[in-house]
Structures are given as C-alpha cells and as structure tokens.
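1. give me a 3D structure for the following:
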Amino acid sequence: MTELNEAQHPKAAQPTLEWPDTAAPATTDPSIAALMATLGGVEDLPVSEHEAVYSDLHDALLHALNEEAPNGEGEA
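-> The predicted structure follows:
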C-alpha cells in the first residue's frame, strides 16, 4: 500500500479573516469612542485572550453608559 505524504497533498490555504473596522467608532460620545479604541490590535492577540478584552470592554461600557448624562438630564 502506498502512503500519502505532505509533498503530494499540500495543506489547503487558510481563509483570511476580515476584521471589523475599529478605527471609526459609530458614536459621538468621546468617552465611548475611547473605550472602543481598546479593540484596536485585538486581532493580533491570541484567541485565548479575546474573552478578557471583550469582557473588560463590556464592563467599561456598561459603567460609562450608566453614568449620569453630561447635560444633567438623568441617566444616559
């Protein structure tokens, strides 16, 4: 029986992931935009570290969005 080897069957090319554009956040609130900027470079981190980045961002956004609105009209 003939065995297959790597030279005869090269590995298929892996698809390139397209990351969302994080350079221009969809907000006019500078504090939220600054928090969203923390996503820059996440694509360079090992996948095992993504959960911590997203969890920290979630907590920071939750805190920022629950603060009093800058115009003093109550919660944002």
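
2. endpoints of stretch 32-52, how far apart?
-> 18 Å (C-alpha to C-alpha, to the nearest Å).

3. okay, buried residues for it please.
-> 32, 35, 36, 39 (16 or more other C-beta atoms under 10 Å). Using the backbone N, CA and C atoms, a C-beta is placed for each residue, glycine as well.

4. run through the helices of the protein in chain order.
-> 30-36, 50-65 (DSSP state H).

5. sorry, back to before: in the buried residues of stretch 32-52, find the pair that's most separated.
-> Spatial extent of the buried residues of stretch 32-52 (C-beta to C-beta) is set by the pair 32 and 39 at 12.1 Å.

6. excluding chain neighbours, give the residue nearest to residue 27 in space.
-> Nearest non-adjacent residue to residue 27, counting by C-beta to C-beta, 6 or more residues apart in numbering: residue 33, 5.4 Å away.
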